[in-house]
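In: Attaching a predicted model along with its sequence, questions to come.
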Amino acid sequence: MQLSLLARGLGALSGGADPDISLLTADSRQAKPGALFAALPGSRADGASFAADAAAKGAAAILCREDAAISSNLPVLRSAEPRHALAVMAARFYGAQPEHLVAVTGTAGKTSIATFTRQIWERTGHVAASIGTTGVVSPALTTEGSLTTPDPVALAELMASLAKSGVTHAAMEASSHGLDQHRLDGMRLAAAAFTNLGHDHLDYHPDAESYFQAKMRLFTALLPKGAPAVINADDAWSGRAIEVATGTSARVMTVGRKGDYLRLKRLEHERSRQIAEVEVEGEFHRVVLPLAGGFQMANALVAAGLAIATGVPPRDALHALESLKGASGRLELAGNTRAGVPVFVDYAHKPEALENVIASVRPFTTGRVVVVFGCGGDRDRAKRPMMGEIATRLADVVIVTDDNPRSEDPALIRAAIMAAAPGAREIGDRRAAIRAAIADSASGDTVIVAGKGHETGQKIGEVTHPFSDHEEVRAAIAELAQ
Ligand SMILES: CC(=O)N[C@H]1[C@@H](OP(=O)(O)OP(=O)(O)OC[C@H]2O[C@@H](n3ccc(=O)[nH]c3=O)[C@H](O)[C@@H]2O)O[C@H](CO)[C@@H](O)[C@@H]1O[C@H](C)C(=O)N[C@@H](C)C(=O)N[C@H](CCC(=O)O)C(=O)O
Ligand SMILES: Nc1ncnc2c1ncn2[C@@H]1O[C@H](COP(=O)(O)OP(=O)(O)OP(=O)(O)O)[C@@H](O)[C@H]1O
Ligand SMILES: N[C@H](CCC[C@H](N)C(=O)O)C(=O)O
Ligand SMILES: [Mg+2]
């Protein structure tokens, strides 16, 4: 595609020539003849310093910020917001996306909601996909996850291949990093959703307010005017989110106990399912959700709201909840011990998530709630004492262990949790911690292994060692039954 077409309206183009661009990349190491190299200011490096490398590899053009110190013989596109420009160019380059694309943001629940929304569409006869932390799921294409919100070039390429394979409906996660870094700026959204705001990523965002504002870009910068904004009405930040969405002329649909559109009237918890009465458009429906955890009902209602926002009749959307499967590693029952103790694997790696997951097993636990968890290295350190405090306050038995220490000393991460968790046991080796939790459990108890969910590795230093909480739970149950 000609550079001038790709770049239209995105900045000032200098250099005269109008080369045919055959590849877009923000990494000079991937540059080739015909490539446009996007020189982006990053968190560790300034892409501008790699412009000469990209040129040496044959790049045909450069995109950079207005004031970047780049002198090149190549055509240069200078843009006030090069990350935005790259995302828009990527969408133009790949040219197609599923017609009904929705995005969900919030601290917790995005993966669950994206997979639930896909399942509702599938059950109501649509060809659907979900994209997020656990990867891409669609009829023709499945990948394992890496980033929650893919880089803009990968995202645009993915959307085009989904559209080409016949996917008409897609639900994706919009992380705060992704929104802040304009990864979704090339996408045309049919609807958007907000779940909740809690403590996470305050190593990246300066404070809770800027974290909230990054999430709100979904409504302020991405959602077309008049398009539906589905908002969980029951979070402490819901009022602010409703205000922002209303201010952008979105069609606000609130859901939950305080919801005006989908209102949760009654909720009964059983061990592995919940039954609710939901009012929508003046009609009452009995909704059976075959998943444990009150938070999953909140997520299911947001998913139903998104499906309705794309044209699924409300009755059908609510009916489809009856056969939902949970997202991998989200309060997932990994097994029952010989004494009948359910052992759940969950992805709670932030304070509110841990709080919720412990609270959600309490109604069906007659004995003790046993929780095994740790905190990731090279991630927001403020979460550590907060999670220690929550676990000791809400659970009966707490085992503090390792969870992807990365470049940090795992003993110091554990110490930061233990300082706020009096009475907790410290067992660094995650395998041994899981075994200890299961071995010590007794009839009536519930065990939760939190933090890794679907993950398949334990990252120590630069090396990711194969490790699955699921497999460890199953192996421990089998061994201890002998
Ligand atoms: C902190 C962060 O978000 N970093 C993202 C960011 O990288 P960056 O721009 O800061 O990278 P940098 O290392 O400073 O380099 C600057 C630029 O120089 C380029 N470069 C660098 C070296 C070189 O030799 N040549 C070259 O061209 C780099 O490609 C980059 O464009 O922009 C990149 C392109 O979009 C992202 O891939 C990268 O995500 C990294 C891999 C990452 O780990 N991100 C995590 C924290 C993340 O995004 N997580 C969220 C939320 C997760 C959740 O809540 O569950 C997610 O959406 O997954
Ligand atoms: N609505 C919710 N409210 C509070 N906690 C929740 C909610 N939904 C999920 N959780 C908790 O958060 C964990 C992660 O859920 P999920 O993967 O759906 O969220 P996410 O927003 O995609 O998270 P991440 O940003 O880590 O990918 C779950 O395992 C559960 O412990
Ligand atoms: N997307 C999140 C996942 C964290 C999962 C937890 N297991 C950890 O390693 O801290 C992150 O990269 O911060
Ligand atoms: Mg996710």
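Out: Yep, that arrived. Ligands and ions are numbered 1, 2, ... in the order given.
In: need the residues of the chain near ligand 4, please.
Out: Within reach of ligand 4 by CB under 5 Å from the ion, the chain has these residues: 110-111, 133, 148. (C-beta placed from N, C-alpha, C; glycine too.)
In: run the last query once more with 8 Å
Out: Contacts of the chain with ligand 4, taken as CB under 8 Å from the ion, map to 110-111, 114, 132-134, 148, 173, 175, 347.
In: Among those, which one has the most neighbours?
Out: residue 114 (31 neighbours; other CB atoms under 10 Å).
In: Is the helix or strand where that one lies in proximity to ligand 1?
Out: Residue 114 is part of helix 110-123 when elements are defined by DSSP states H and E. No - on the criterion CB under 6 Å from any ligand atom, helix 110-123 is out of touch with ligand 1, staying 7.7 Å away.
In: C-terminal to that helix, what's the next element?
Out: Counting by DSSP H and E, what follows helix 110-123 is strand 128-132.
In: Take that next one, keep the C-alpha atoms, and write them as PDB.
Out: Extracted in PDB, the C-alpha atoms of strand 128-132 (Å, rounded to 0.1, in the frame of the first residue of the first chain):
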ATOM      1  CA  ALA A 128     -17.700 -15.600  17.100                       C
ATOM      2  CA  ALA A 129     -14.200 -15.000  18.600                       C
ATOM      3  CA  SER A 130     -12.700 -13.900  21.900                       C
ATOM      4  CA  ILE A 131      -9.300 -12.300  22.200                       C
ATOM      5  CA  GLY A 132      -7.400 -11.700  25.500                       C
END
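In: Go through the residues of the chain next to ligand 4 and say which is closest to residue 300.
Out: Each of the residues of the chain next to ligand 4 was checked against residue 300 using CB to CB; the closest is residue 114, at 12.4 Å.
In: Read off the pLDDT value for that closest one.
Out: Residue 114 carries a pLDDT score of 98 in this model.
In: how much space between it and residue 152?
Out: Distance, residue 114 to residue 152, by CB to CB, to the nearest Å: 18 Å.
In: just residue 8 next, same as before
Out: Taken as CB to CB, the span from residue 8 to residue 152 is 17 Å.
In: which of the two has more neighbours?
Out: residue 152 (28 against 13).
In: quick one: contacts for that one?
Out: 83, 86-87, 90, 182-186 (CB atoms under 8 Å, 6 or more residues apart in numbering).
In: Taking those residues together, which two end up most distant?
Out: 86 and 184 (11.9 Å).
In: ok, residue 54 touching residue 24?
Out: No - taking contacts as CB atoms under 8 Å, residue 54 lies outside contact range of residue 24: 11.7 Å.
In: Spit out the residues that contact those two alike.
Out: Joint contacts of residue 54 and residue 24 (CB under 8 Å, 6+ apart) are residue 35.
In: who has more neighbours, the two?
Out: residue 54 (28 against 25).
In: Surely that one is within a helix?
Out: Yes - counting by DSSP: H, G, I helix; E, B strand; the rest coil, residue 54 is part of a helix.
In: residues contacting it?
Out: Taking CB under 8 Å, 6+ apart, one finds 28, 31, 35, 37, 39, 62 in contact with residue 54.
In: And the pLDDT at the third one?
Out: Looking back up the chat, that one is residue 35. So, for residue 35, pLDDT stands at 97.
In: Counting neighbours, what do you get for the residue of the stretch 1-150 of the chain found nearest ligand 1?
Out: Nearest residue of the stretch 1-150 of the chain to ligand 1: residue 42, at 2.3 Å (CB to the nearest ligand atom). By other CB under 10 Å, the residues close to residue 42 number 11.
In: State the distance from it to residue 48.
Out: 10 Å.
In: thinking again about what came up before, more neighbours: residue 86 and residue 184, which one.
Out: residue 86 (30 against 27).
In: The more buried one contacts residue 25, correct?
Out: No - at 9.3 Å, residue 86 does not count as touching residue 25 under the criterion of CB under 8 Å.
In: Identify the residues contacting residue 460.
Out: By CB under 8 Å, 6+ apart, residue 460 lies in contact with 402, 404-406, 410.
In: and it, what are its phi and psi?
Out: For residue 460, the backbone dihedrals (degrees, to the nearest 10) come out as phi -120, psi 120.
In: ok, now residue 160?
Out: phi -70, psi -40.
In: And for the one 5 residues further on?
Out: When read as degrees, to the nearest 10, the backbone of residue 165 gives phi -80, psi 0.
In: Would you mind measuring from it to ligand 3?
Out: Computed as CB to the nearest ligand atom, to the nearest Å, the residue 165 to ligand 3 distance reads 27 Å.
In: And for residue 3?
Out: Residue 3 is 35 Å from ligand 3, by CB to the nearest ligand atom.
In: residues touching that residue, list them.
Out: 13, 17-21, 36, 60-61, 75, 77.
In: 10 Å instead, please
Out: By CB atoms under 10 Å, 6 or more residues apart in numbering, the residues touching residue 3 are 13, 15, 17-21, 36, 60-61, 63, 74-75, 77, 89.
In: Repeat that for residue 286.
Out: With CB under 10 Å, 6+ apart, residue 286 has these contacts: 266, 275-278, 318-319, 322.
In: now, the most widely separated pair of these?
Out: Longest span within those, CB to CB: 266 and 319, 17.7 Å.
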